[in-house]
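[1] Below are the sequence and a predicted model for it; my questions follow.
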Amino acid sequence: MAPGSGDDPWILVVEEDDDVRQALADVLAFAGHRVRAAEDEGAATELLDEHGVSTVLVLEPRAAMGDVRGLLRAVRLLEEGRPVAVIALADSAGSGEPPAYFARLVKPFTMDELLDAVARAIAAHSPGAP
């Protein structure tokens, strides 16, 4: 599925810093992705309630209650069984990667790294993907 097609999944960016959130959304939109952005778990849940499930979540874990599991539960309640890829934006590599994360990008990361992770997440969660 090429970016910009009407069948593309929505990408939901959850990031507490306004400038970072806007920059991430702009880069993804410029690359042809459909993007929504929220500053925290509450705003993200409202967007999901209003617009439906996103296939890819790019988030700063502190913005999603310090742990992505709460947001993922909300997503799965909205549409049972739909796979969701979570790309976590981390300040450090950390000691372990929660199983819910599709990928972890350690800050500072390049926009190419972000776009590559999003492309892999979309491919892995597209209909017919293994």
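    Sure, I can see it. Residues are numbered from 1 along each chain as shown.
[2] Give the next helix or strand downstream of the least confident helix or strand in the chain by mean pLDDT.
    One helix or strand of the chain scores below all others by mean pLDDT, DSSP states H and E: helix 69-78, with a mean of 56. Moving toward the C-terminus from helix 69-78, the first helix or strand encountered (DSSP states H and E) is strand 85-90.
[3] Quick check: neighbours of that next one in the sheet, parallel or antiparallel?
    strand 56-59 (parallel), strand 101-106 (parallel) (DSSP bridges).
[4] Of those strands, which stretch is the most buried?
    The highest average neighbour count among those, using mean count of other C-beta atoms under 10 Å, belongs to strand 56-59 at a mean of 28. The way it works is simple: take the backbone N, C-alpha and C, and place the C-beta from them, glycine included.
[5] can you give me the helices in this structure?
    18-30, 41-51, 69-78, 111-124 (DSSP state H).
[6] Please render those helices as a markdown table that adds mean neighbour count and distance to Asp8 to the earlier fields.
    Supplementary listing: the helices of the chain in a markdown table, determined by neighbours: other C-beta atoms under 10 Å; distance: least, C-beta to C-beta, whole Å:
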| stretch | mean neighbour count | distance to Asp8 |
| --- | --- | --- |
| helix 18-30 | 16 | 11 |
| helix 41-51 | 16 | 14 |
| helix 69-78 | 16 | 17 |
| helix 111-124 | 16 | 8 |
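[7] what's the closest of those helices to Asp91?
    Nearest of the helices of the chain to Asp91, taken as C-beta to C-beta: helix 18-30 at 11.9 Å.
[8] tell me what that closest one is packed against?
    Helix 18-30 sits against strand 10-14, strand 34-38, helix 111-124, with contacts defined as 3 or more C-beta pairs under 8 Å, 6 or more residues apart in numbering; DSSP states H and E.
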